[in-house]
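# just a sequence and a predicted model for now, questions to come.
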Amino acid sequence: AGSHTIGQARCTTFRSRIYNETNIDASFARARRVNCPISNGTGDGNLAPLDLETPTKFDNRYFKNLVENKGLLHSDQQLYNGAYTDSVVERFVNRPESFERDFVVGMIRMGNISPLTGSDGEIRKSCRRIN
């Protein structure tokens, strides 16, 4: 989730959140609705930054947004929604060096994952379903 400190999402991925969810800051939702109309097929490809405050800076603002109920994606806001991951989010808010260190460790671990090859793996045409 920390990689969401930089990047953008298409309207289709956050439309339901900004129009239907209750654990979202009202002014944040209104601002996102300007560029993401309620109708499917209208503005589907319009983009919004995952981190509204510092969209091009690698920092811990993404986690501060979650505490303020300003997570753009439903899955992101679930990291701070009254569950066991709240303490991790709060730690990253209060100790940015902890976020930076843990992010580096996670990236190194992911880089060490050996991909499946040949008949042991599959390159999916759509990540949501088996070819």
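Good, I have the coordinates.

# contacts only, for the closest residue to L73 other than its chain neighbours.
Of all residues not flanking L73 in the chain, F14 sits nearest, at 5.6 Å (CB to CB, 6 or more residues apart in numbering). Yep, even glycine has a C-beta here, placed from its N, CA and C like the rest. Contacts for F14 (CB atoms under 8 Å, 6 or more residues apart in numbering) come out as 32, 36, 48, 72-74.

# taking the residues you listed one by one, which sit in helices?
32, 74 (DSSP state H).

# of the contacts of F14, buried ones?
32, 36, 48, 72, 74 (16 or more other CB atoms under 10 Å).

# and S16, how many residues sit next to it?
Using other CB atoms under 10 Å, the number of residues around S16 comes to 11.

# helix, strand, or coil at it?
helix (DSSP: H, G, I helix; E, B strand; the rest coil).

# so E122 sits in a helix?
No. Assessed with three-state DSSP, E122 is coil; it does not lie in a helix.

# state the distance from it to R129.
Distance of E122 to R129, given as CB to CB, to the nearest Å: 11 Å.

# now T117
Taking CB to CB, one finds T117 at 21 Å from R129.

# I24 - that's part of a strand, no?
No. Assigned with three-state DSSP, I24 falls outside any strand and is coil.

# I'd say it and N69 touch.
Yes. At 5.4 Å, I24 and N69 qualify as touching, with contact defined as CB atoms under 8 Å.

# for these two, indicate the residue with more neighbours.
I24 (21 against 17).

# contacts only, for that one.
17-18, 69-71, 77.

# same for the least confident helix or strand in the chain by mean pLDDT, what does it pack against?
In the chain, the helix or strand scored least confidently by mean pLDDT, DSSP states H and E is helix 96-111, which has a mean of 93. Packed against helix 96-111 by the contact rule (3 or more CB pairs under 8 Å, 6 or more residues apart in numbering; DSSP states H and E) you find helix 86-94.
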